[in-house]
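Asks: pasting a predicted model and its sequence here:
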Amino acid sequence: MKVHIIGGGNLGVSIALGLSKFSPDSKVTITRRNTASILYLEKLGVTVSTINIHQIQEADIIVLTIKPYQVDTVLAEILPAITNKIIASAVSGLSIENLQNKIGTSNSAVRIMPNIAAQFGASATCIAFNEKDKEKAQDVVALFQSLGTAPIIDEKLMDAATVLAASGTAFALRYIRASMQAGIEIGFDWQTALAISAQTVKGAAEMLLEEKVHPEQLIDRVTTPQGCTIAGLNEMEMHGFSSSLIRGIKTSLKQIKG
Ligand SMILES: NC(=O)C1=CN([C@@H]2O[C@H](COP(=O)(O)OP(=O)(O)OC[C@H]3O[C@@H](n4cnc5c(N)ncnc54)[C@H](O)[C@@H]3O)[C@@H](O)[C@H]2O)C=CC1
Ligand SMILES: O=C(O)[C@@H]1CCC=N1
């Protein structure tokens, strides 16, 4: 599979790194206007270029990891050079209909929403496409399955997926940071507190993914009656723990919808 990533920033690089490790048969090209900071990817077998149409005709999938306001400029460059291509766009807020109108009927628009854990094969990449592109989109699904999970969702949930699965990485990290800060206050150095907090979150997530139960069922196994856990949880909730997360996620969604 030849993958051509346009936009070698945070997300584009995490996908390139992930593919180099978890999809070694993929041949990856990544472009960016100034490539100095990403030339190290060449050592991993990734082709790095400043030219967006560099060998683009050979690509099986073109991945857009640019900001929304860069889309028209990039498409003006690449469209004359391509036909019959799958364009998988991670651009937040750009609908399939809008992208399809821009790229014409000879190319197929697929919407993807990965997160930067793609680098570690641990992204939750939500994918949406039109029925007409169902077959072609399977290559995109397979590609992102190699970088974690790749659920196919209804496009109307794509903005929600952006905040839950992509911004969600930052939200989860902020929880870990807060836990680490508390860990320092109660006696650990920051490295030990971070290692314990991160592993604890990983363990909790693994239990949920494995057991496929509601979190409260697992919480019930931790909250010993009259114990310290329920006392801590109740204090957190009194200070708005869950409601502040929910409000934050809904505010992120409003920001995308404009
Ligand atoms: N960062 C994240 O975790 C996620 C980002 N996204 C979406 O992915 C897109 C990119 O986000 P980031 O990687 O965070 O932004 P970024 O700013 O780190 O990366 C964008 C890259 O595109 C490059 N670029 C700009 N104009 C270009 C052009 N004409 N040709 C080639 N490259 C060009 C920039 O140099 C930059 O390296 C955005 O639409 C964002 O909403 C989606 C999911 C997760
Ligand atoms: O913050 C943003 O707008 C992008 C989309 C989701 C993650 N990063």
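Replies: Thanks, I have it. Ligands and ions are numbered 1, 2, ... in the order given.
Asks: need the residue closest to the centroid of the protein.
Replies: N115 (1.3 Å; Cα atoms, centre = their mean).
Asks: my read: it touches T162, true?
Replies: No: assessed by Cβ atoms under 8 Å, N115 is found out of contact with T162, at 9.5 Å. In short, each C-beta sits where N, CA and C put it, glycine included.
Asks: can you pull the contacts of the closest residue to N130 other than its chain neighbours?
Replies: Once flanking residues are discounted, N130 sits nearest to I96: 6.0 Å by Cβ to Cβ, 6 or more residues apart in numbering. By Cβ atoms under 8 Å, 6 or more residues apart in numbering, I96 lies in contact with A109, V110, R111, A128, F129, N130, E155.
Asks: what do you get for T169?
Replies: Contacts of T169 (Cβ under 8 Å, 6+ apart): N115, I116, A117.
Asks: got CSV for those residues, with distance to L208 and secondary structure too?
Replies: Output for those, formatted as CSV (distance: Cβ to Cβ, whole Å; DSSP: H, G, I helix; E, B strand; the rest coil):
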residue, distance to L208, secondary structure
N115, 17, coil
I116, 21, helix
A117, 16, helix
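Asks: these: which ones sit near ligand 2?
Replies: Checking the contacts of T169 against ligand 2 by Cβ under 6 Å from any ligand atom, not one of them is in range.
Asks: export these as CSV, with columns for pLDDT.
Replies: Below are the contacts of T169 laid out as CSV (pLDDT from 0 to 100):
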residue, pLDDT
N115, 98
I116, 98
A117, 98
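Asks: wait, which of the residues you listed is closest to I38?
Replies: Of all those, I38 sits closest to I116, with 14.4 Å by Cβ to Cβ.
Asks: what's the distance between the spatially closest residue to that closest one that is not a sequence neighbour and ligand 2?
Replies: Excluding the flanking residues, the one nearest I116 by Cβ to Cβ, 6+ apart is S14, at 4.3 Å. Applying Cβ to the nearest ligand atom, to the nearest Å, the value for S14 to ligand 2 is 11 Å.
Asks: distance of K136 relative to ligand 1?
Replies: For K136 relative to ligand 1 (Cβ to the nearest ligand atom), the value is 21 Å.
Asks: that residue belongs to a strand?
Replies: No: K136: not assigned to a strand; according to DSSP: H, G, I helix; E, B strand; the rest coil it is helix.
Asks: burial check on it, number of neighbours?
Replies: Other residues near K136 number 17, with proximity taken as other Cβ atoms under 10 Å.
Asks: what sits against it?
Replies: I86, S108, V110.
Asks: so who does the first one touch?
Replies: Taking Cβ under 8 Å, 6+ apart, we find I86 in contact with D60, I61, I62, N107, S108, V110, D133, K136, A137, D139, V140.
Asks: now the second one
Replies: When the contact criterion is Cβ under 8 Å, 6+ apart, the partners of S108 are K85, I86, I87, Q100, F129, K132, D133, K136, A137.
Asks: quick check: residues of the stretch 1-150 of the chain near ligand 2?
Replies: With Cβ under 6 Å from any ligand atom as the criterion, the stretch 1-150 of the chain meets ligand 2 at residues S92.
Asks: just the helices in the stretch 151-258 of the chain please.
Replies: Remark: helices assigned in the stretch 151-258 of the chain by DSSP state H, counting those that start in this stretch are 158-161, 167-185, 190-211, 215-222, 228-238, 241-257.
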